[in-house]
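S.K.: Sequence and predicted structure are below.
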Amino acid sequence: MKIVPRTALGKWSLVLICLFGLMLLLFFVMVNVFDQRGGEHLWSNLLLFLPMLIAALSAAASFVTGLISFFKERALLVFVSTIIGLLVTIYVVMEFAFPH
């Protein structure tokens, strides 16, 4: 088993999961440093909504590209990014299906 992917889809999976991490970091910086707060609705604060939307979409895309890539080549980093993408996708779907 290789560690680093060689196919384009495997590399895209890693890029997308890194984008997920960066958007999540940006969200927390905006909340803690710039004191941004949400409102009643999901889109009440656009500065907080956009990074989280991009993070969720990039994690889901990382899951899909990683899953396709994993059948073509077996790379450890693709496996890790696929698992993270799967967990985030399940979390987002469950949050929309069962809001609290």
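M.R.: That came through, no problem. Numbers count the residues shown, from 1 in each chain.

S.K.: In this structure, where's the longest helix?
M.R.: In the chain, assigned by DSSP state H, the helix with the most residues is helix 46-72.

S.K.: what's the offset of that helix from the middle of its chain?
M.R.: Offset of helix 46-72 from its chain centre (Cα atoms, centre = their mean, to the nearest Å): 4 Å.

S.K.: which is the next helix or strand following it?
M.R.: With elements assigned by DSSP states H and E, the helix or strand that comes after helix 46-72 is helix 76-97.

S.K.: outside of that next one, which residues touch it?
M.R.: 1-5, 10, 13-14, 16-17, 20, 55-56, 59-64, 66-67, 69-70 (Cβ atoms under 8 Å, 6 or more residues apart in numbering). Every C-beta, even on glycine, is put in place using the N, C-alpha and C of the backbone.

S.K.: 7 Å instead, please
M.R.: 1, 3-5, 10, 13-14, 17, 20, 56, 59-60, 62-63, 66-67, 69-70 (Cβ atoms under 7 Å, 6 or more residues apart in numbering).

S.K.: May I see the buried residues of that helix?
M.R.: Within helix 76-97, the residues that qualify as buried by neighbour count (16 or more other Cβ atoms under 10 Å) are 77-79, 81-82, 84-86, 88-89, 92.

S.K.: mean confidence for it?
M.R.: Averaging pLDDT along helix 76-97 yields 96.

S.K.: which residues sit in contact with the spatially most central residue of the chain?
M.R.: Closest residue to the average C-alpha location of the chain: residue 59 at 2.5 Å, with Cα atoms, centre = their mean. Residues in contact with residue 59 (Cβ under 7 Å, 6+ apart) are 17, 20, 84-85, 88-89.
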